[in-house]
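> sequence-free structure coming up:
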Ligand code: SAH
């Protein structure tokens, strides 16, 4: 790229840092011309992140409590139609035992994630949430179990859930329809996010980078939506194909574009809690370290029992499915150390200042 162009795009990054937003066209320009400016973006994103969260990296203990799912998302390895998936459900006791192990390792947030599984009624979830909260009142509970009614979200909030992760997957309705079956509805997904916010959850939304049919323009639209929705958390990671899904032959998303999006998100929502995801670590051995250097400040290691880990295969070659939680954490501590940051024992709440 000619020098004067690089200078112009760097100025656009400066503008983003100070204004905390750009127009769709401006975001698109940066995305299209990211090659020579990504290091500059990452440096700014790191500075902004550290000015708010310091050197701290927050960890969330991920408990994948069920891989039964009534949905049939075309990209997802635990979709209903995947007859190859070996299905499992964790009992309340098993979930509590994951939490206990996690607590002893220094986790102060537990993320209960699963497919959309009607087995886990509101009553069952209330019991699970209350039992964790009673044992570990200093911990935050994040739920990530898909679309439910306003009333259901309300009951789970009253039972003690603090946060909810529901990736919207894409903000383009036409794109949404290309990667989901007809029975699923874009408007309902967005409505769910709004309901969660209304109920006082700390809300996380997000999308895959490089999912089939996604365009760079879609990614610029994501930035406009994020600015407007202003979530407390944003989960993004590269799409990775899964061999038993209709997208088995689709190209997987790319690490460098995911990192660039992390940087843009950090400058657009300076206080946001931003994980360097397992999918990023799967696509690149150093993906999570690179994510932290691009503006991420959260890691979500797996606390699920090792016996079920290989069954929660959203995509092929998922990492950390063979290790005990303690080993995973040790490995992550070393990895984070190389970035000059530190994993802390903390709930890691959203900072509003
Ligand atoms: N059922 C819950 C949790 C879904 S799994 C829900 O609906 O929110 C968590 C996330 O994994 C999804 O939101 C999706 O963005 C991501 N995911 C699913 N399949 C994937 C794939 N093939 N590659 C990368 N990420 C994937």
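Here it is on my side, so go on. Note that the structure is a prediction, hence the values are computed from the model and not measured.
> Is any residue of stretch 192-205 near the ligand?
No: Stretch 192-205 is not in contact with the ligand by C-beta under 6 Å from any ligand atom; minimum separation 9.3 Å. (Glycine included, C-beta is placed from N, CA and C.)
> what's that stretch in contact with?
142, 144, 147-148, 150, 153-154, 157, 161-168, 226, 229, 231-235, 273, 349-350 (C-beta atoms under 8 Å, 6 or more residues apart in numbering).
> Now do stretch 110-125, average pLDDT.
Mean per-residue pLDDT for stretch 110-125: 98.
> I meant stretch 199-218, not that one.
98.
> List the buried residues of it.
Going by neighbour count (16 or more other C-beta atoms under 10 Å), the buried part of stretch 199-218 is 199, 201-212, 214, 218.
> Likewise for stretch 19-30?
21, 22, 26, 27, 28, 29, 30.
> chain center to it: distance?
Relative to its parent chain, stretch 19-30 has a centroid offset of 22 Å by C-alpha atoms, centre = their mean, to the nearest Å.
> And stretch 42-51, by the same measure?
With C-alpha atoms, centre = their mean, you get 19 Å for stretch 42-51.
> Close to the ligand: what parts of this structure are there?
75-76, 113, 115-116, 144-146, 166-167, 169, 208, 237, 239-240, 242, 279, 314-315.
> can we see that at 5 Å?
Counting by C-beta under 5 Å from any ligand atom, the positions of the chain adjacent to the ligand are 75, 76, 146, 167, 208, 239, 240, 242, 279, 314, 315.
> picking up where we left off before, please, a ChimeraX command that selects the buried ones among the contacts of stretch 192-205?
The following ChimeraX line selects those of these that are buried, judged by 16+ other C-beta under 10 Å:
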select :142,144,147,148,153,154,157,161,162,163,164,165,166,167,168,226,229,231,232,233,234,235,273
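> what sits against residue 248?
241, 242.
> and if we set it to 6 Å?
residue 241 (C-beta atoms under 6 Å, 6 or more residues apart in numbering).
> follow-up on the earlier one: just the buried residues of stretch 19-30: which are in helices?
Those of the buried residues of stretch 19-30 mapping onto helices are 26, 27, 28, 29, 30, per DSSP state H.
> gap between the closest residue to the third one other than its chain neighbours and the ligand?
Of all residues beyond its chain neighbours, the one nearest residue 28 is residue 220 (4.0 Å), with distances taken as C-beta to C-beta, 6 or more residues apart in numbering. Applying C-beta to the nearest ligand atom, to the nearest Å, the value for residue 220 to the ligand is 19 Å.
> tally of neighbours for residue 220?
21 (other C-beta atoms under 10 Å).
> packing partners for the strand or helix carrying it?
Using DSSP states H and E, residue 220 maps to helix 216-229. Contact here means 3 or more C-beta pairs under 6 Å, 6 or more residues apart in numbering; DSSP states H and E; on that basis helix 216-229 packs against helix 24-32, helix 255-268.
> what is the orientation angle of the strand or helix carrying residue 193 with helix 216-229?
Here residue 193 is covered by helix 186-198, with elements defined by DSSP H and E. Helix 186-198 runs at 30 degrees relative to helix 216-229, counting by axes from the mean of the first three to the mean of the last three C-alpha atoms, to 10 degrees.
> what distance separates the next helix-or-strand element following helix 186-198 from the centre of its chain?
For helix 186-198, the following helix or strand on the C-terminal side (DSSP H and E) is strand 202-209. Between the centre of strand 202-209 and the centre of its chain there are 6 Å (C-alpha atoms, centre = their mean).
> what residues does the helix holding residue 220 touch?
By C-beta under 6 Å, 6+ apart, helix 216-229 touches 21, 24, 27, 28, 31, 32, 171, 172, 175, 207, 264, 268.
> Dump the helices and strands packed on helix 216-229 into JSON lines; add mean pLDDT as well.
Listed next are these as JSON lines, based on pLDDT from 0 to 100:
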{"stretch": "helix 24-32", "mean pLDDT": "98"}
{"stretch": "helix 255-268", "mean pLDDT": "98"}
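> Let's have the ones you listed in CSV, adding distance to residue 183.
Below are the helices and strands packed on helix 216-229 laid out as CSV (distance: least, C-beta to C-beta, whole Å):
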stretch, distance to residue 183
helix 24-32, 30
helix 255-268, 29
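> The closest residue to residue 42 other than its chain neighbours - how many residues pack around it?
Distances taken as C-beta to C-beta, 6+ apart place residue 294 nearest to residue 42, at 4.6 Å, with adjacent residues excluded. Residue 294: 28 surrounding residues under other C-beta under 10 Å.
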